[in-house]
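1. Requesting a structural model of the entry that follows:
(chains A and B)
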Amino acid sequence: MLFNSIEYLIFFPIVIFFYFLLPHKIKWAFLLAASYYFYMCWKIEYILLIIISTLIDYYAALQMAKHKKNKRRRTKFLILSLCSNLGILFGFKYFNFFNNSVHDLFNHFNIFYNVPVFDVLLPVGISFYTFQTLSYTIDVYNGKKIPERHLGYFALYVSFFPQLVAGPIERSNRLLPQFYKESKFNYEDVVHGLRLMLWGFFKKVVIADRLAYFVNTVYNSPSDFYGFQLIIATVFFAFQIFCDFSGYSDIAIGTARIMGYRLMNNFDRPYSSQFIAEFWKRWHISLSTWFRDYLYIPLGGNRVTKWRWYYNLLITFIISGLWHGANWTFIAWGLIHGIYLILGIVTDNLRNTINKKIGLIKFPNTLKYWRKLKTFSLVVFAWIFFRANNIDDAFTILKNVFTFNNESFNLSFVNKGELVISIVLIVFLEMIHFLQKDYDFNTFMKMKPQLMRWAIYIFLILSIVYIGKYNVQDFIYFQF
Amino acid sequence: MKKFIKRVIILVVVIFLIDYLFSLLLDFGRPEDYKAFIDSKLSYQKYKKETQILFIGDSHTADAFVPSEIKKLTGKNTFNYGVYHMSPVEGYFILQDLLKRSKSLEYVVLGTNPTMFNRNVTEGKYTPMFIKNYLVFLELLTVTECKNLSVITRSGKKLDLFLPMIKIFFTGHESKTVRNIKNIDRGYLENVKNYTDINDLHCKNKIYKNSKKVIPLQVEYFNKSIRLLKQNNIMVVIANPPINHMYIEDIKNTNVYKNYNFIIDSIAKNNNIEIYNQNQINKNINLINEDFLNGEHLCYTGALKNSTEFAKYFNNLFL
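-> Take a look at the predicted model:
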């Protein structure tokens, strides 16, 4: 079930209505049933994967707690959890990719290789709920979390519908205790949640799905486009993916908040970052902190030799890229970001010296905007690999993007009115981000006088209704 | 909870009010003939209790049948509910809506257009403005997999008037009218303007060249309209309004036209319905080029000739 569908518009108020009506004791069962139904609307049989993951991790965690003084046994159960979760993830998401890659490699050396392709549909949200349950078992293994004994609550933690298919990837320490707290109708929470949902829907339906048409046209036949056409399509994609994914996160956080649950913030105006490292503190925060805590730091983080540090960074970002999809384009995207970070560290002193020498350091605002522009450009460049349908397309785009001729400025393939609306919407979005300063959207809205708040609500609602796009496009991050 | 509900109600009321005011503002963007078109169909409310013959179809039908002329010759109260751009799917829902409102109907004439089965299924450009019953409207949105949520609001149904409205406010110039309307006659617009260039009588519609596929849902809903009428004991006639002979020459060998004739003939045969067919020969009514607004639409003089002929045909068939 998509958030931007009629089904969800019916599902959501019914769930909320009964949620507040039911006594606290059985709320978890109702939410679990609603969450399973939410998932089964997409494909009934894949609910089994969630149930299998839930049962294995529930059992493994209890066993780890039981043998907390016996590291070997604990490790055995951790391996059980890791192998089963990552095994399912590999089987459904990565097997064909590795199989095809090995096939291509063998083919290259004229070696016969014939392992059949696993013809299966990728379970929606598998990467999200797998990582969520993995963080739980790793935390229990490390003694950071007492295992959950209530199977129902644990099952709900794995499958909580607002964040089940596209995050935020919640930590058990944050989410599980909230299920125990009795939540009643709270005006502040409901308004907060609805406000976020409204903002999320606006970003998804009005901005992201509008930009999608332009981006898809260009990226589905990249050899037909040049220069400015490709640049504008890639910049549009940067805003499309931001509005799409942060819109989803806002709807998810808002839905949970209405019921009294607080999910972690997933985006914090990432395109106003001055450095790539800062970008990763603001983009898909729940995933980047997951990789930081469960991969980067266990590898040694930055408390190792210089070269090992660079290696840790590269590995983390390559795996992060691979997490996004079984395609070389995502690996390339991760690799590029890893290289950006390493170059950032290596050239830090040099850049500071240059800034001092040319006097830019005396103009902090100019320096700030220069850095933002530079970071945004680097991020946009990397998006080429993320969005391209395959690695060949990505290189075609790289080749064509620097070709400027009469054709490269021709934007007649897109409706002029739509193009103007798209640009106006991007400016509007950035204006809101600028005005937000260091506050989140909700705090920013709360600080405004009531009349202005209402004017913004009405503007957002009417924009969604009047100029929203209703082709019911999947959220981009569903595929991960 | 009370505070929340109170505020939600206020917000909803304010939004409805803004939507209503905006819709009034958008009306400034209506060219004269557009205004006449909308008003003419909405006036059905006034005649719903007495209408006996109802014409339903798209612009071909809207421009081809003069209710007062048909009433004069048949004695039956007639209303022309031809809606520009309407497809068979939309036609079915308009019909359903009209049947819920009107109990006096005895005959329904289903007007056709050679491109009707090749049109993409949409919720329609104008149709949402005319359906009064909300359940019928929701069914239309569901069947057409509506991609435009705005049609559920008053202003959203006429958002295409936004740019003309802006133009009028800034320049004072109205958009060009397509028809010169002298009078409104029970859904029919008396258009006195005819073609300006002989080329207008030739086919310029790209659908004949580009569209090869018949859309099954359009055929299905045309059949459903017939079944709906029969269930309500209403006599049905299919009418192919006149098309200029030059236009016919241009399209007669296209797949679109051949498929259309084949489908219409089959439907008529299967349902035992008569076809009033004027789009192939025009032989009985002596239409001249000046009777046409363009190759596929009649102006008032042509519509009068066609209506006279239709009334004769109707009298022979039913009276």
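2. What's the separation between the closest residue to chain B within the stretch 201-350 of chain A and A:Ile169?
-> Nearest residue of the stretch 201-350 of chain A to chain B (CB to the nearest CB) works out as A:Val205 at 8.4 Å. (C-beta placed from N, C-alpha, C; glycine too.) As judged by CB to CB, to the nearest Å, A:Val205 and A:Ile169 stand 24 Å apart.
3. do A:Phe109 as well
-> As defined by CB to CB, A:Phe109 lies at a distance of 40 Å from A:Ile169.
4. Which positions in the stretch 51-200 of chain A make contact with chain B?
-> A:Phe185, A:Tyr187, A:Val190, A:Val191 (CB under 8 Å from any CB of the partner chain).
5. residue contacts, the last one?
-> For A:Val191, the contacting residues are B:Phe4, by CB atoms under 8 Å, 6 or more residues apart in numbering or on different chains.
6. Please work out the average pLDDT along the helix or strand harbouring it.
-> Per DSSP states H and E: A:Val191 is located in helix A:187-201. Helix A:187-201 shows a mean pLDDT of 93.
7. how about the next helix or strand after it: buried residues?
-> Using DSSP H and E, the next helix or strand after helix A:187-201 towards the C-terminus is helix A:209-219. Of all the residues in helix A:209-219, those buried under the rule 16 or more other CB atoms under 10 Å in any protein chain shown are A:Asp209, A:Arg210, A:Leu211, A:Ala212, A:Tyr213, A:Phe214, A:Val215, A:Val218, A:Tyr219.
8. How about helix A:209-219 and chain B, touching?
-> No: applying CB under 8 Å from any CB, one finds helix A:209-219 separated from chain B by no less than 10.3 Å.
9. and the helix or strand following that helix, what other elements does it pack with?
-> Under the assignment DSSP H and E, the closest C-terminal helix or strand after helix A:209-219 is helix A:227-258. Here helix A:227-258 touches helix A:187-201, helix A:209-219, helix A:364-387, helix A:391-400, helix A:416-436, going by 3 or more CB pairs under 8 Å, 6 or more residues apart in numbering or on different chains; DSSP states H and E.
10. For chain B, which residues are neighbours of chain A?
-> So far as CB under 8 Å from any CB goes, chain B lies against chain A at B:1, B:3-4, B:11, B:14-15, B:18-19, B:146-150, B:152-153, B:155-156, B:159, B:163.
11. which of those residues are buried?
-> B:Ile15, B:Ile18, B:Asp19, B:Cys146, B:Asn148, B:Leu149, B:Ser150, B:Ile152, B:Thr153, B:Ser155, B:Gly156, B:Leu159.
12. Could I get those residues in a markdown table, plus columns for secondary structure?
-> Below are these laid out as a markdown table (DSSP: H, G, I helix; E, B strand; the rest coil):
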| residue | secondary structure |
| --- | --- |
| B:Ile15 | helix |
| B:Ile18 | helix |
| B:Asp19 | helix |
| B:Cys146 | coil |
| B:Asn148 | coil |
| B:Leu149 | helix |
| B:Ser150 | helix |
| B:Ile152 | helix |
| B:Thr153 | coil |
| B:Ser155 | coil |
| B:Gly156 | helix |
| B:Leu159 | helix |
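13. Now do the residue of the stretch 301-450 of chain A found nearest chain B, the pLDDT please.
-> Taking CB to the nearest CB as the measure, the stretch 301-450 of chain A has A:Gly417 as its residue closest to chain B, at 7.8 Å. Reported pLDDT at A:Gly417 in the predicted model: 81.
14. Find the nearest non-adjacent residue to it, please.
-> Closest residue in space to A:Gly417, ignoring its immediate chain neighbours: B:Leu163 at 7.8 Å, by CB to CB, 6 or more residues apart in numbering or on different chains.
15. repeat for B:Asp200
-> Counting by CB to CB, 6+ apart, the residue nearest B:Asp200 is B:Asn294, at 4.5 Å.
16. Just list the residues touching the most centrally placed residue in chain B, thanks.
-> When chain B is reduced to its mean C-alpha position, the closest residue under CA atoms, centre = their mean turns out to be B:Val83, at 1.9 Å. B:Val83 makes contact with B:Lys41, B:Ile56, B:Gly57, B:Asp58, B:Ser59, B:Ala62, B:Glu90, B:Ile94, B:Gly124, B:Tyr126, B:Thr127, B:Phe130 under the criterion CB under 8 Å, 6+ apart.
17. Among these, name the ones in strands.
-> B:Ile56, B:Gly57 (DSSP state E).
18. tell me which of the contacts of B:Val83 is nearest to chain A?
-> B:Gly124 (15.3 Å).
19. In contact with that closest one: list those residues for me.
-> B:Val83, B:His85, B:Met86, B:Ser87, B:Glu90, B:Leu140, B:Thr144.
20. picking up where we left off before, next, format the contacts of B:Val83 as a markdown table and append pLDDT.
-> Converted to a markdown table, the contacts of B:Val83 look like this (pLDDT from 0 to 100):
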| residue | pLDDT |
| --- | --- |
| B:Lys41 | 91 |
| B:Ile56 | 95 |
| B:Gly57 | 94 |
| B:Asp58 | 92 |
| B:Ser59 | 92 |
| B:Ala62 | 94 |
| B:Glu90 | 92 |
| B:Ile94 | 93 |
| B:Gly124 | 75 |
| B:Tyr126 | 82 |
| B:Thr127 | 84 |
| B:Phe130 | 86 |
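21. Could you report the distance from the residue nearest to A:Ser223 when sequence neighbours are not counted to A:Gly334?
-> Leaving aside its sequence neighbours, A:Ser223 sits nearest to A:Thr396 (CB to CB, 6+ apart; 5.3 Å). For A:Thr396, the distance to A:Gly334 equals 21 Å [CB to CB].
22. Filter the contacts of B:Gly124 down to the buried ones.
-> For the contacts of B:Gly124, a burial check counting by 16+ other CB under 10 Å picks out B:Val83, B:Met86, B:Ser87, B:Glu90, B:Leu140, B:Thr144.
23. and the second one, that's in a helix?
-> This means B:Met86. No: counting by three-state DSSP, B:Met86 is not found in a helix; it is coil.
24. The closest residue to it other than its chain neighbours: neighbouring residues, count only.
-> Leaving out its chain neighbours, the residue that sits closest to B:Met86 by CB to CB, 6+ apart is B:Asp58, at 4.5 Å. Residues lying near B:Asp58 (other CB atoms under 10 Å in any protein chain shown) number 25.
25. ok, now B:Leu24?
-> By other CB under 10 Å, neighbour count at B:Leu24 equals 10.
26. Give me the pLDDT value at it.
-> Taking B:Leu24 on its own, its pLDDT is 88.
27. So it versus chain A, what's the distance?
-> Relative to chain A, B:Leu24 is positioned 15 Å away (CB to the nearest CB, to the nearest Å).
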